[in-house]
Every structure is written in C-alpha cells, then in structure tokens.
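**Student:** Any chance you could fold what I've pasted below:
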Amino acid sequence: MALLRPLLLDNVPSIQQSAALALGRLANYSDELAEAVVSNEILPQLVYSLSEQNRFYKKAAAYVLRSVAKHSPHLAKAVVNSGALDALVNCLEEFDPSVKEAAALALSCIAKHNHELAQAVVDAGAVGLLVLCVQEPELTLKRISATALGEIAKHTEELAQAVVDQGAVPYLAALISHPDAQLKRYVCQCLAQIAKHTVDLAEVVVEAEIFPRILNCLKDMDVQVRKNAATCIREIAKQTTELAKLIVHSGSAAATVDYISESKGNARLPGIMTLGYISAFDDSLAMAVIVSKGIAPVRMPLLTSQKITLRLLLPGLSDKLVDTVQITLNSSPKLTFHLDSSPSTCSQRAPRTSRINPRSHLRTSSKCALTCQPLSHSFNWLQTTS
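**Tutor:** The predicted model follows:
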C-alpha cells in the first residue's frame with residue numbers, strides 16, 4: 001500500500017491508472033486489505049483525483065471505491081466519509097458508458113448494506129441519474145442501474161418511494177419483456193423490492209402494466225428469472241384482496257401453479273407463498289387456487305423439502321436463521337414411529353418403523369415434548385391443507 005500510494009500522483013497517466021487498478025484488486029480480495037486501503041488514507045486522494053483525471057482513471061478509481069465498499073457497512077461508511085458520493089454521482093453524467101457503469105456499481109455496493117448508506121446515496125442525487133442510466137442503450141449499464149435501484153429500494157418504504165418518485169417503475173416495467181435474461185433478473189428483483197413495502201407501492205408497480213407480461217418470465221429458460229418473477233408476484237399478492245383478485249384474473253394463479261410444478265428445490269418457495277397469500281384473503285380466491293389445481297404441487301414440496309416447510313412455518317426469520325434451524329433439526333434425534341404408530345422424536349429405538357403419514361395425529365410424551373411440539377404444529381397444519 002505504501003508503495004502504491006505515491007504512484008497515484010505520478011506524472012504518467014498510465015502509471016496512475018495501473019496503481020489504482022492494483023489497489024482495487026487488493027481491496028477486492030479481502031476486507032482486511034480493504035481496511036488497509038482505508039487506514040492508509042488512500043480514499044481521499046482517489047476522490048480528489050476522480051473529478052480531474054481522464055475516463056480510464058475514473059473507471060479504475062470507481063473500481064477501488066467499489067472494492068472497498070462491498071465488504072461491510074463500516075468500510076462503505078468510510079467510502080462515504082471520504083466524499084466519494086458526489087464524485088461518483090458526477091461520473092453518472094459522463095459521456096463514456098463504462099465510466100457510468102463503474103460509478104453505478106460502486107453506488108450499488110454502498111447502498112446495499114443498510115438504510116443509512118442507501119439514504120446517503122439518495123441524498124447525493126443518484127436516483128434520478130440511475131433512472132436515466134436504465135434508459136441508456138448499453139445493456140450492461142441497464143443491468144447495473146436496475147441492480148442499484150433495487151439495492152436502494154429494498155431497505156425502507158421511504159427509499160422505495162424515492163425511487164418511485166423519480167419515475168423508475170415505468171422504465172423498469174418496460175424491460176420485463178427484454179430478451180436479455182440477466183437484465184430481466186434485476187428488473188424483476190427491483191420491482192419486487194419496491195412492491196414489498198406498502199399497498200400504494202405495490203399498486204404503482206401493477207399500474208405499470210406488468211401483468212400479464214411478467215407471466216412470461218415464469219416460463220423463462222433462466223431459473224433466476226423465473227424465481228425473481230415469482231417473488232415479484234408474491235410481494236404484490238400479499239398486500240390486499242383487490243390485488244390478489246387482479247393476480248387471479250390475470251391468469252397468474254394458474255401460471256404460478258405451473259411454475260411450482262416445473263421448479264425444483266427452494267425456487268418453488270415464492271410460488272407456494274403466492275398461492276398461500278391469495279388463498280388467505282377469502283373463500284372465492286382459495287377456490288380459484290383449487291380450480292387451478294394448486295393443491296398437489298404445493299403439498300409435495302412440503303412433504304419432501306424441510307427448508308420450504310420451515311420457511312412457511314417461520315416466515316419472519318431470515319434465510320440465515322432458517323438454515324440454522326434446519327441444521328439444528330438435522331442434528332436432533334431422527335423422527336421415528338413407536339409401536340402405537342404415532343410419530344415422535346424420542347431417542348428410543350422403536351422395534352419397527354413406518355413411513356410418516358401427514359394425517360396422523362402427533363402425540364408427544366414427557367420425554368420428547370420439546371422436540372415434538374414444533375413437529376406437531378407442522379403435521380396438524382399439513383393435515384388441514386392436504
């Protein structure tokens with residue numbers, strides 16, 4: 001670091017660019033090296049030069065800022081404190097698309113950590129310029145800008161509203177039918193991040209006429225496109241009865257059933273939750289799901305996938321906590337049947353075992369009540385839904 005820092009002030013532009021690129025690659029490798037870049041006070045020097053150097057240096061400097069900011073909120077805050085936001089926002093107005101891409105990616109890495117950093121990006125005036133970048137013809141710039149807008153919108157209702165106020169939704173919605181799979185991933189994800197917060201925001205997304213075009217994404221060849229599209233539909237379906245009815249009338253219920261049937265693993269989860277949200281509002285919507293033959297595709301994943309069942313039983317937990325619960329359950333005594341044919345999680349070895357029947361009543365004993373109780377709820381729940 002000490003040897004590279006003076007090279008940033010070298011008289012030869014190519015040496016300056018190479019030094020910045022080397023710092024970026026070092027910072028990108030680990031958070032310890034990124035911390036070393038911050039502690040050696042390299043960031044203010046980069047930011048100062050960012051507004052004065054040529055486009056090649058600007059790309060390299062933005063790469064350094066992105067490589068530092070991506071690791072943790074603490075390092076991203078250090079980038080913000082160095083005054084980098086204003087310089088990065090100015091880079092979004094550059095003529096060269098590659099400079100815009102580097103700046104948008106750096107802003108995305110800053111905004112993704114928490115709402116305070118995302119608010120700092122909004123306050124710097126980045127959202128409007130990112131919306132303009134979405135409208136640019138360059139495909140990579142569209143992808144990165146849509147990602148950055150999603151990273152901003154995901155934190156709070158106010159930040160999502162800031163994205164909506166800049167007119168981002170119509171331009172994003174228009175890209176749902178774009179042939180590029182990666183762009184559709186980020187667009188569907190961004191729309192989902194906007195719609196998830198409130199009814200009003202979900203209605204803004206719906207008013208952009210994403211239905212029925214988003215249903216085509218449920219049939220896309222790309223697995224992540226299908227999952228993100230299903231997630232977007234889920235975030236809209238959970239809000240109100242009216243929105244759930246709109247989804248059913250647009251043919252989304254039947255399309256979601258097909259999506260669940262054709263998907264594997266945890267990718268089925270957004271579709272399963274969508275049908276659950278729709279069915280929960282009233283009997284007519286639940287009947288619409290039944291008429292769409294949604295029972296069998298939903299029932300089988302619940303019987304075969306522990307993570308899907310946990311996610312539905314514990315909707316408030318993060319993915320990391322669900323993984324922890326899953327590991328804990330897998331390390332617990334195995335589920336067996338005693339002679340009375342009632343399943344339990346007792347460590348006693350039964351003389352004979354049989355397959356688990358979801359309709360069987362789960363009786364608990366004093367020895368294994370704590371471990372059996374959660375299973376009792378899940379089996380009873382499966383009994384009422386099957």
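**Student:** Quickly note the distance from the residue with the shortest distance to the centre of the chain to Pro170.
**Tutor:** The centre of the chain sits closest to Gln189, judged by C-alpha atoms, centre = their mean, with a distance of 6.4 Å. Distance, Gln189 to Pro170, by C-beta to C-beta, to the nearest Å: 17 Å. C-beta: built from backbone N, CA, C; applies to glycine.
**Student:** Could you do Ser261 as well?
**Tutor:** On the measure of C-beta to C-beta, Ser261 and Pro170 end up 33 Å apart.
**Student:** Comparing those two, which residue is more hemmed in?
**Tutor:** Taking neighbours as other C-beta atoms under 10 Å, Ser261 and Pro170 compare with Ser261 leading, 15 against 12.
**Student:** Could I get the contacting residues of the closest residue to the more buried one other than its chain neighbours?
**Tutor:** What sits nearest to Ser261 in space, not counting adjacent residues and going by C-beta to C-beta, 6 or more residues apart in numbering, is Pro297, at 4.5 Å. When contacts are counted by C-beta atoms under 8 Å, 6 or more residues apart in numbering, Pro297 touches Val257, Ile260, Ser261.
**Student:** Am I right that the second one is in a strand?
**Tutor:** No: residue state for Ile260 (DSSP: H, G, I helix; E, B strand; the rest coil) corresponds to helix; a strand is not indicated.
**Student:** number of nearby residues for it?
**Tutor:** Counted with other C-beta under 10 Å, the neighbours of Ile260 add up to 23.
**Student:** can you tell me the average pLDDT over stretch 262-280?
**Tutor:** Averaged across stretch 262-280, the pLDDT comes to 89.
**Student:** Buried residues, that stretch. List them.
**Tutor:** The neighbour-count check on stretch 262-280 (16 or more other C-beta atoms under 10 Å) flags 263, 267-279 as buried.
**Student:** per-domain residue ranges of the protein.
**Tutor:** Dividing the chain into domains by automatic domain parsing, as the record does, gives the ranges 1-166, 322-346+358-386.
**Student:** Straight-line length of the first one, end to end?
**Tutor:** For domain 1-166, the first-to-last residue distance is 41 Å (C-alpha to C-alpha, to the nearest Å).
**Student:** Distance to Leu218 for the domains of the chain - can I get that in CSV?
**Tutor:** Shown next, in CSV, are the domains of the chain (distance: least, C-beta to C-beta, whole Å):
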stretch, distance to Leu218
domain 1-166, 19
domain 322-346+358-386, 23
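**Student:** Let's see stretch 38-56 as PDB, backbone CA atoms only.
**Tutor:** The C-alpha coordinates for stretch 38-56 follow below in PDB (Å, rounded to 0.1, in the frame of the first residue of the first chain):
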ATOM      1  CA  VAL A  38      -8.800   3.000   4.200                       C
ATOM      2  CA  SER A  39      -6.200   3.200   7.000                       C
ATOM      3  CA  ASN A  40      -3.500   4.400   4.600                       C
ATOM      4  CA  GLU A  41      -5.800   7.300   3.700                       C
ATOM      5  CA  ILE A  42      -5.800   6.400   0.000                       C
ATOM      6  CA  LEU A  43      -9.500   7.100  -0.500                       C
ATOM      7  CA  PRO A  44      -9.400  11.000  -0.200                       C
ATOM      8  CA  GLN A  45      -6.600  11.000  -2.700                       C
ATOM      9  CA  LEU A  46      -8.600   8.900  -5.100                       C
ATOM     10  CA  VAL A  47     -11.700  11.000  -4.700                       C
ATOM     11  CA  TYR A  48      -9.800  14.200  -5.300                       C
ATOM     12  CA  SER A  49      -8.400  12.900  -8.500                       C
ATOM     13  CA  LEU A  50     -11.700  11.400  -9.600                       C
ATOM     14  CA  SER A  51     -13.000  14.700 -10.900                       C
ATOM     15  CA  GLU A  52      -9.900  15.800 -12.700                       C
ATOM     16  CA  GLN A  53      -8.400  12.700 -14.400                       C
ATOM     17  CA  ASN A  54      -9.400  11.000 -17.700                       C
ATOM     18  CA  ARG A  55     -12.000   8.400 -18.200                       C
ATOM     19  CA  PHE A  56      -9.600   5.400 -17.700                       C
END
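**Student:** which of the residues in that stretch are buried?
**Tutor:** For stretch 38-56, the buried set under the neighbour-count rule, 16+ other C-beta under 10 Å, comprises Val38, Ile42, Leu43, Gln45, Leu46, Val47, Ser49, Leu50, Gln53, Phe56.
**Student:** and what of stretch 220-236?
**Tutor:** Using 16+ other C-beta under 10 Å as the test for burial, stretch 220-236 gives 220, 224-236.
**Student:** what's the neighbour count on Glu203?
**Tutor:** Neighbourhood size, Glu203 [other C-beta under 10 Å]: 17.
**Student:** Can you tell me the SS state at it?
**Tutor:** Three-state assignment for Glu203 (three-state DSSP): helix.
**Student:** re the thing from before, give me the subset of the buried residues of stretch 220-236 lying in strands.
**Tutor:** Among the buried residues of stretch 220-236, no member falls in strands (DSSP state E).
**Student:** Would you reformat the residues you listed as TSV and include distance to Ala78 and pLDDT?
**Tutor:** As requested, these are exported to TSV (distance: C-beta to C-beta, whole Å; pLDDT from 0 to 100):
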residue	distance to Ala78	pLDDT
Asp220	39	92
Gln224	32	94
Val225	35	95
Arg226	38	95
Lys227	34	95
Asn228	32	95
Ala229	37	95
Ala230	37	95
Thr231	32	95
Cys232	34	96
Ile233	39	95
Arg234	36	94
Glu235	33	95
Ile236	38	95
